[in-house]
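A.B. asks: Here is my input; please provide its structure:
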Amino acid sequence: MNDFAKKFLNEDWRAMPDAPRFYLCGFGKHPGWNDHLDDIGVITDSLIKAKALIYDGIVHQVESAAWEKGGPEKMARGFDHVIHWRRMNESLTGLMWSSSDGKGRSLYPMITLAHCVGQPFGWQAEEVLPALEEVGQKCRATTSSVSVVAILNAAQESLRARLPAQLGAPLASPGVGEKDWAAWFTREPTGLRRVLHHLRTNFAACAPGNAAWSEAKQPAPAQSRCLRLPVIPGARPADSLNAWLSFLSTQLNVAVPLLGLCPAGREWLDVIVGEPADADFVVLRTLPAATPLVSDIPYQLNDTLPADEAGLFASLARGEMPAASCLNGLAVVANRQDAAKWLAKSRLSFFSRLLRSGTPF
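C.D. replies: Model (predicted):
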């Protein structure tokens, strides 16, 4: 098992009963710094790893000129994304927007990420994301590095004060986009059937009970998989992100981290399954001409629904997520139980050496 599979969003929080369960960080470009801004609040192991993966991915695209070579018909300009990275009962939720440094260089975005431990996604959608929108507005309105640090500090303290009284609820809490998503695909099943076919064909290593996705050794990362999927018509990015990640958690091994990237005003979102490779982050700016939606790929499907798909669509008709995976028939409850045991075995049993509890930005 590689380091990412062992540690990412898998800290032993029981060994740190007094540590906060919410952390807010910022990194990237801002006019208050003449180059990349000093990391602000990047103190948990998962935030450190996430920052490295995202930033290395963007650096790879910039240095290879991947976005410029694609041309305007295949590449979008700039950044404006909602981010949600999920693994069982931990997640990272944040925003990415186009920015520049004090010298006017604008190839890199500014990014805020909140590390949430045990908070249901409903709380993140209703409290964290609106707070981060306000943080973004304030950061864009100032050229002062001191002000940016103060803005992030204040937002972290405010959100910590509003944490739910009961932690530990599943992140994929019912209701955040799931009913609308289920109703949509009940009416329009072909797109979801294409997604299921794609999962069966390309995601066997990530199926429930399969740990093949985690077995690559360092320095090579575990093999990632990417999906471009349609957003729910008229819904918020948070609704589409939660619905798709909740669905994928019923079909794939729930121990596999899922990274959702939802660009504002677009008809799609991207999901990176497993440890991202640098090249995966090209999707931040690719248009469907370069990265098609899986639901639009004209796979040849049988007219008659297989039994497992019939059961899945029966669940959707009731407004529910599927109870079993169409990849191997494993029940979702068993999937979560097995994943929890697997993660507990690999979890760090000591304090994160880089977590400085109580230390301000």
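
A.B. asks: What count of nearby residues applies to residue 68?
C.D. replies: 12 (other CB atoms under 10 Å). No exception for glycine: its C-beta is placed from N, CA and C like everyone else's.

A.B. asks: in what helix or strand does it lie?
C.D. replies: Residue 68 is part of helix 66-70 when elements are defined by DSSP states H and E.

A.B. asks: Can you show me the strands along the stretch 101-250 of the chain?
C.D. replies: 109-117, 225-230 (DSSP state E, counting those that start in this stretch).

A.B. asks: which of those sits most buried?
C.D. replies: strand 109-117 (a mean of 25; mean count of other CB atoms under 10 Å).

A.B. asks: That one - which strands sit beside it in the sheet, and in what orientation?
C.D. replies: The strands beside strand 109-117 in its sheet (DSSP bridges) come out as strand 22-28 (antiparallel), strand 90-98 (antiparallel).

A.B. asks: Go ahead and name everything in contact with the shortest one.
C.D. replies: Right, strand 22-28. With CB atoms under 8 Å, 6 or more residues apart in numbering as the test, strand 22-28 has contacts from 36-37, 39-44, 47, 51, 55, 96, 99, 108-117, 119, 135, 139, 148, 152, 155-156, 159-160, 163.

A.B. asks: And whatever helix or strand comes next after that strand, what does it pack against?
C.D. replies: With elements assigned by DSSP H and E, the helix or strand that comes after strand 22-28 is helix 45-64. Judged by 3 or more CB pairs under 8 Å, 6 or more residues apart in numbering; DSSP states H and E, the packing partners of helix 45-64 are helix 3-7, strand 22-28, strand 90-98, strand 109-117.

A.B. asks: ok, back up a step: check which element follows the helix holding residue 68 along the chain.
C.D. replies: strand 80-87.

A.B. asks: okay if I get the strands paired with strand 109-117 as JSON lines plus mean neighbour count?
C.D. replies: Supplementary listing: the strands paired with strand 109-117 in JSON lines, determined by neighbours: other CB atoms under 10 Å:
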{"stretch": "strand 22-28", "mean neighbour count": "24"}
{"stretch": "strand 90-98", "mean neighbour count": "24"}
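
A.B. asks: Which residue, other than its chain neighbours, is closest to residue 98?
C.D. replies: residue 78 (3.9 Å; CB to CB, 6 or more residues apart in numbering).

A.B. asks: Thanks a lot, see you next time.
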